[in-house]
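A.B. asks: Give me coordinates for this.
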Amino acid sequence: MTILVTGATGNVGRPLVEELLAAGHRVRALTRDPAKAGLPEGAEVVAGDLSVTGSLRAAFEGVTAAHLISFNGADFSPLTNGADIVELAVASGVRKMTVLKGDITKSPLEHAVEAGGLEWTHLGPVEFMSNALEWAESITKEGVVRDAFPDAKSAMIHDADIASVAAAVLTHEGHAGREYVLTGPEVLTTRTKVSTIAEALGREVRFIERTQEEVVAEWRQIGYSDEDVEFFLTMRTNTPELGYTVLPTVEEVTGRPARTFAQWVRENAAAFQS
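C.D. replies: As a prediction, the model looks like this:
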């Protein structure tokens, strides 16, 4: 069985490729730039862009299971060619598919997958632990985190746990027609995230609270749209209960507990040190 992994150089795709290879599966990894992919030996790396259906023909050839992301990896906008992707996948012999959600609502790709006669499973992670890397520079240089929303709650998940769930679904039966909400094992606030980083690194990291207005101005300066800014604010000021409710899904699907944020920090300690 050849398994196609799209978004193969991303925070979920890369550990998914590694886990599937370690388990002895044949893996085809899709990326826009194979020369820069840096994926493990053993992966068949192919060029392609999910937003350009015609570029995917070679990627799907001979594939029986595939992991797709529901958004454009370049700008994170929802894919609009979902029906064409599913038609190509089915014609190529794909029978099983996982879809990594990019939003709470269903994307056009998810709707197309459900209508395409595939054994589908949607994966809906809450906040990725790797989002904490946005603090890496200020922690490294100054030992501080500057952010607003100190009490915003999150059941954030280790990126590799998302990959582990995808690997289990793609290689085992019993998951078709399910939508899995994926969380970590604990609820953290912004303040407790910072204290967890400090404890895991064994150094002081101070939290300096910013105003909401300052953060919004920064988002706009970066170039986020009004829709993006509204979404970010909602997630931080009126977080849906789904975002801070710990669920046992990771352990139920993979057979092992979800990794903690402290473990993620220790694994990525080099990013927070000069």
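A.B. asks: Give me the three-state assignment for residue 262.
C.D. replies: Applying DSSP: H, G, I helix; E, B strand; the rest coil to residue 262 yields a three-state assignment of helix.
A.B. asks: is it true that it touches residue 195?
C.D. replies: No - because the distance of 10.3 Å does not satisfy Cβ atoms under 8 Å, residue 262 is recorded as not touching residue 195. Heads up, the C-betas are built off the backbone N, CA and C, glycines and all.
A.B. asks: could you pull out the strands for this structure?
C.D. replies: 2-5, 26-31, 44-47, 65-69, 96-100, 119-125, 144-147, 153-154, 178-182, 188-189, 206-209 (DSSP state E).
A.B. asks: For residue 56, find the nearest of these.
C.D. replies: Comparing the strands of the chain against residue 56 with Cβ to Cβ, the closest turns out to be strand 26-31 (7.5 Å).
A.B. asks: Tell me where the model's unsure across the stretch 1-150 of the chain.
C.D. replies: Filtered on pLDDT under 70, the stretch 1-150 of the chain yields the residue ranges 73-75.
A.B. asks: rewinding a little: could I get the strands of the chain as JSON lines with mean neighbour count and distance to residue 134?
C.D. replies: What follows is the strands of the chain, written out as JSON lines (neighbours: other Cβ atoms under 10 Å; distance: least, Cβ to Cβ, whole Å):
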{"stretch": "strand 2-5", "mean neighbour count": "25", "distance to residue 134": "25"}
{"stretch": "strand 26-31", "mean neighbour count": "24", "distance to residue 134": "23"}
{"stretch": "strand 44-47", "mean neighbour count": "16", "distance to residue 134": "28"}
{"stretch": "strand 65-69", "mean neighbour count": "25", "distance to residue 134": "20"}
{"stretch": "strand 96-100", "mean neighbour count": "25", "distance to residue 134": "20"}
{"stretch": "strand 119-125", "mean neighbour count": "22", "distance to residue 134": "17"}
{"stretch": "strand 144-147", "mean neighbour count": "18", "distance to residue 134": "9"}
{"stretch": "strand 153-154", "mean neighbour count": "22", "distance to residue 134": "14"}
{"stretch": "strand 178-182", "mean neighbour count": "18", "distance to residue 134": "21"}
{"stretch": "strand 188-189", "mean neighbour count": "18", "distance to residue 134": "15"}
{"stretch": "strand 206-209", "mean neighbour count": "14", "distance to residue 134": "14"}
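A.B. asks: Please name whichever of the ones you listed is nearest to residue 272.
C.D. replies: With Cβ to Cβ as the criterion, residue 272 lies closest to strand 144-147 of those, at 10.3 Å.
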